[in-house]
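Enquirer: Any chance you can model this:
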Amino acid sequence: MPAPSKHKQAIVDAAVTLFRRKGYAGTGLNDIVEVSSAPKGSLYHYFPDGKASIAEAAVREAGRRVAETADELAAEAATAGDLIKAHARLLADWMAQSGYRDGSPVTTVLLELAPGEPAVTAAGRDVAAAWRQVIADKLTADGVAPKRAARLATLCTAALDGALVQARVQESAAPLLTVSHELAAFLESEAG
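Expert: Numbers count the residues shown, from 1 in each chain. From the prediction side, this is the model:
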């Protein structure tokens with residue numbers, strides 16, 4: 001069994017942080033080295049295919065974190081609407097703490113690289129599917145038919161992504177909170 005990577009996770013964590021703040025194009029390899037404190041050679045050792053392979057790993061890591069948070073929120077939420085509102089509150093708090101400088105590392109990278117980088121695009125699809133599935137499962141538990149739940153989960157994730165961008169632009173949590181409350185009311189009307 002190979003030894004655990006000493007610097008790989010630090011590189012990925014640094015990329016997640018930098019991509020959500022500066023975007024993919026705005027983040028240089030030297031920035032990643034500086035924030036990760038990894039030797040520059042580690043970048044090439046762990047990511048021989050270059051910066052796009054770091055982006056793929058960062059999207060997957062950010063997605064893992066979102067899925068973990070979503071699972072925790074879903075376990076605590078009584079309904080899908082409660083799940084959406086709780087997630088939006090977390091996003092709103094996180095945005096406010098960053099002074100509305102941070103965005104989603106997944107969204108920023110995908111806007112710049114998809115569909116031109118197939119591996120990054122595939123990572124983005126996987127991340128989005130996992131988050132949609134958490135919402136769809138909660139909607140199904142609320143009595144929504146599975147096919148309808150899947151479509152509503154797509155609506156929810158798209159609306160929250162858009163609200164996240166608007167929160168950054170407006171430097172306000174209002175778009176996230178408004179969208180989440182409207183989605184929750186709509187989802188309640190859809191539940192059986």
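
Enquirer: Quick check: chain neighbours aside, which residue is closest to Met95?
Expert: Ala167 (5.1 Å; C-beta to C-beta, 6 or more residues apart in numbering). (C-beta placed from N, C-alpha, C; glycine too.)

Enquirer: Ok, Arg132 next?
Expert: Ala153 (4.1 Å).

Enquirer: Tell me the buried residues in the helix or strand harbouring the one you found?
Expert: Using DSSP states H and E, the element containing Ala153 is helix 146-170. The neighbour-count check on helix 146-170 (16 or more other C-beta atoms under 10 Å) flags 149-150, 152-153, 156-157, 159-161, 163-165, 167-168 as buried.

Enquirer: Next: stretch 176-192.
Expert: 176-177, 179-180, 183-184, 187, 190.

Enquirer: Dump the residues you listed to CSV, plus pLDDT and distance to Gly124.
Expert: Formatted as CSV, the buried residues of stretch 176-192 follow (pLDDT from 0 to 100; distance: C-beta to C-beta, whole Å):
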residue, pLDDT, distance to Gly124
Leu176, 97, 21
Leu177, 98, 26
Val179, 98, 21
Ser180, 98, 22
Leu183, 98, 22
Ala184, 98, 26
Leu187, 97, 24
Glu190, 94, 27
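
Enquirer: related to what we said a few turns ago, residues contacting the residue nearest to Arg132?
Expert: Listed by C-beta atoms under 8 Å, 6 or more residues apart in numbering, the contact set of Ala153 reads 132-133, 135-136, 139.
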